[in-house]
Each structure stands twice: as C-alpha cells, then as structure tokens.
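[1] Quick one: sequence plus predicted model below, questions after.
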Amino acid sequence: MAVSDQLPSSATGRFIAADHYFPLRIYFEDTDLGGVVYHANYLRYMERARSDMLRIAGIDQRANLEGGEGVYAVISVRIDYQRPGKLDDDLMVISRVTHVNAATCSIHQAVMRGDEYLTTGDVSVAYLTPQGRPKRQPRPWIDIFTRLSRGEDFHP
C-alpha cells in the first residue's frame, strides 16, 4: 500500500439528519495568554463549519466564483458567548439552516464542548453577483437549503 493511501484526509464534518456537525480542537494559536479562546476565533470556527456544510451539501462555491456566477457574503451576524473554550478542548460546531429565500440564507450555529454551549450565533448570507449586487441563488441550492430548513434528513 502506498503512503498516500494511508494519509488522513482533510478535516471534515458530516450531516446527522438536517444538522451539520464539524469537529475541531483548540490550539495554542487560538488562545490568549491565559489559554482561553480569543473571542473572534469563534467566528472563524463558524465560518469553517458553514463552508464545510455547503461543500458537503453539494454547493460548489468555488466553481460559481471562478465561473463568474456569484458568491455568498455575510450580511449579518449575531453572536452570544456563554462559556470560554480553552487550550486543547475538543469542540463541535453544529449548524442548521433556519431560513431561505431567493437571495439569502440564515444559519444558526452552536459551538459546543460536550453538552456545554460555549457560543451560539446566527449568520445571514446573501448571494451576490461579482459586482456585489444581490442575485437569486441557483435553484438547486435553494432546494437544498429549503430541505435543510425544514429539518429533512440530508444525505449528500
């Protein structure tokens, strides 16, 4: 067996029903001098989880961007911090689509350590033309988001 066949793949999450689960670990670079996660890093964790969720769901943002079709941009974020994450914690970011319409989508996210909520947030994104104007999302993407927002089991 070749070494390349034995190497781990990129970190990735998975869907369980309509919720996307994305695991991560807190590294030294994520923390302040006290070993506590710097507050802005939670937004990074949520972004990674959302990007992974879309990729697994079959939404190819890169192809759309490179094809000049459009791109998502965050239009609002609300975040609440309940408990601090600490160096070496194993965390899980759970994401769920809560609303979808022609040009926007909203996602609720929770960063958890076991059963403890560390941070929760609601993120809304808009689909934009390369010139930055709102544009209708591709119909297959709306269908995916609609299924997820209804809580339907999702199997990519």
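    That came through fine.
[2] Can you name the next helix or strand after whichever strand or helix holds residue 75?
    Assigned by DSSP states H and E, residue 75 belongs to strand 71-81. Sequence-wise, the next helix or strand downstream of strand 71-81 (DSSP H and E) is strand 90-100.
[3] where does the chain dip in pLDDT?
    Low-confidence segments of the chain, defined by pLDDT under 70: 1, 4, 6-9, 156.
[4] And the residue nearest the centre of the chain, its phi and psi?
    For the chain, the residue nearest the mean C-alpha position is residue 50 (1.3 Å; C-alpha atoms, centre = their mean). Dihedral pair for residue 50: phi -60, psi -40, per degrees, to the nearest 10.
[5] Next, the contact list for residue 57, please.
    Each residue near residue 57 by C-beta atoms under 8 Å, 6 or more residues apart in numbering is listed here: 15, 20, 144, 148, 154, 156. (Glycine included, C-beta is placed from N, CA and C.)
[6] Quick one: buried ones out of those?
    The neighbour count (16 or more other C-beta atoms under 10 Å) marks 15, 20, 144, 148, 154 as buried among the contacts of residue 57.
[7] so which strand or helix has the closest residue to the second one other than its chain neighbours?
    I take that to be residue 20. Distances taken as C-beta to C-beta, 6 or more residues apart in numbering put residue 53 closest to residue 20, at 3.9 Å, once the chain neighbours are dropped. Using DSSP H and E, residue 53 maps to helix 41-57.
[8] on that earlier part again, got a list of what the residue nearest to the centre of the chain touches?
    Counting by C-beta under 8 Å, 6+ apart, residue 50 touches 95, 107, 109, 123.
[9] Mind checking which of the residues you listed are in strands?
    Filtering the contacts of residue 50 for membership in strands, criterion DSSP state E, returns 95, 107, 109, 123.
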